[in-house]
Each structure stands twice: as C-alpha cells, then as structure tokens.
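Visitor: fold the following and give me the result.
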Amino acid sequence: MTSQMESYLRLFVEETTFYNRFVLATFLPAKLWEPLPHFFQTWLRNYIGGTLVYFISGLIWCFYIYYWKRNVFVPKDAIPSNKAMLLQIYVAMKAMPWYSALPTLSEYMVENGWTRCFSRISDVSFFSYLGYMITYLMIVEFGIYWMHRELHDIKPLYKYLHATHHIYNKQNTLSPFAGYHTIHHTTYRHNYGHFTTWMDYMFGTLRDPMADEPEKVA
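Guide: So this is what the prediction gives:
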C-alpha cells in the first residue's frame, strides 16, 4: 500500500511539474521561474492561468452582453461605465493572488500525502466519487459563504477589501447569474452564496429575486 501511495504521489508531482513548465515556459523567461521552489512555481502557474481565464471570459462577457446584445439583456442606462469596469478589474486583480493560493495549497497537500486527488472515476467507485465531489462542493460553499458574509459584517474587512466590489451596484450588471447576486448588490445583506443558495437558505439570508418583482396587474 505504501509503495502504491508513493507511486501515486510521484505521478501527481510529475504531472503538476509538467503543467508548471508548460505554462511558465510559455509566458516567462526561464531565469525568472526555474530557480523557484516547486510550490511557488505552482502558485505562479495558477496566477497566470487564473488571470488569463478572468480576462478572456470577462472580455467575451462584456462584448456579448454590453455591446453585441446592447439593450437586450440589460437597459442602456444600466451598462457600467469604463471607469466602473476598470475598478472591478482592479478589485479582481487584488484578489487574484489569494485565489491562486487556494489551488496551490490543495496541490501541496496532495503532493505531501495529506489528502488524495482522484482524476478518474475508475480510481474509486462511482458512488464514492460522487460522494467526495458533493462533500467537497458543500465544504467550499460553506467556507465561501461565511468568508463573504464576514467581509460584510466586519467593518474593516469591508472597508479595505470588499467595498470597491460594491461601488457599482445598479441591477443586472455585475453577474451573468444576475438574479440572486444582483439582490446581494442592492441589499448588501442577502445571497452571499457562491455556487448555490443552499447556505443562504440554511442561515436565513436568502432573498428570492422573483419576490422583488412588482406584481403584474391583470
């Protein structure tokens, strides 16, 4: 069993090393990243990858919603200004080093045998794989819910870390999942959840956007 674990860990480290070299060699001179320890190479790879995903997906989103489909999904007066967009980019870039640290820490834990990473369902049974995935998502949802809620409840954290994110709070402008998250950006006290509304339901902060719509006159 020990030999099998050692083989698994060796393969995992080889795989992450390959990803590090592929990404870093593509974007940076070797002299800047090759001397770095493996942990920091992994963080730098995650930072570069996260930044690319953010800008590419954000560019596509803004082009499609705010320009190509202007006035279709959001009214013209609800489209954020260039200044507001740049502020949101600034906030995202402040957070990116911390977001990049989370997967880096996860990989470090796997590489040191503190937890496991199953890349194929065949590595475990289907129901075990499903159970692990659901458990992981619930832990992530719980953690992000309370982190987000405390960013609002603890005034210094809100002032110095989160307030800029709420500078532009017109409806239907800040999230592709506009409904529930837009409520958060207009009340500040509801819908803190990340992937789902489970935690908001459990802890009494859920607010349904449908309930905020004016009743239709027959």
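Visitor: and residue 163, what pLDDT?
Guide: Note on residue 163: pLDDT of 80.
Visitor: quick check: residue 73 touching residue 65?
Guide: Yes: between residue 73 and residue 65 a contact is recorded at 5.3 Å, counting by Cβ atoms under 8 Å. All C-beta atoms are positioned from the backbone trio N, CA, C, and that covers glycine.
Visitor: which of those two has more residues huddled nearby?
Guide: residue 65 (18 against 15; other Cβ atoms under 10 Å).
Visitor: how close does the closest residue to residue 149 other than its chain neighbours sit to residue 125?
Guide: Of all residues not flanking residue 149 in the chain, residue 192 sits nearest, at 4.7 Å (Cβ to Cβ, 6 or more residues apart in numbering). Distance from residue 192 to residue 125, counting by Cβ to Cβ, to the nearest Å: 34 Å.
Visitor: of these two, who's got more company?
Guide: More crowded of residue 192 and residue 125, by other Cβ under 10 Å: residue 192, with 24 against 10.
Visitor: in three-state terms, label that one for me.
Guide: Following DSSP: H, G, I helix; E, B strand; the rest coil, we place residue 192 in the coil state.
Visitor: identify the residues contacting it.
Guide: By Cβ atoms under 8 Å, 6 or more residues apart in numbering, the contact list for residue 192 reads 145, 148, 149, 152, 184, 199, 200, 205.
Visitor: ok, the first one - contacts?
Guide: With Cβ under 8 Å, 6+ apart as the criterion, the residues that contact residue 145 are 192, 193, 194, 199, 200, 203.
Visitor: ok, now with 7 Å
Guide: By Cβ atoms under 7 Å, 6 or more residues apart in numbering, the contact list for residue 145 reads 192, 193, 194, 199.
Visitor: any idea which helix or strand carries it?
Guide: For residue 145, the enclosing helix or strand under DSSP states H and E is helix 126-153.
Visitor: before we move on, what about the fifth one?
Guide: Using DSSP H and E, the secondary-structure element containing residue 184 is helix 178-187.
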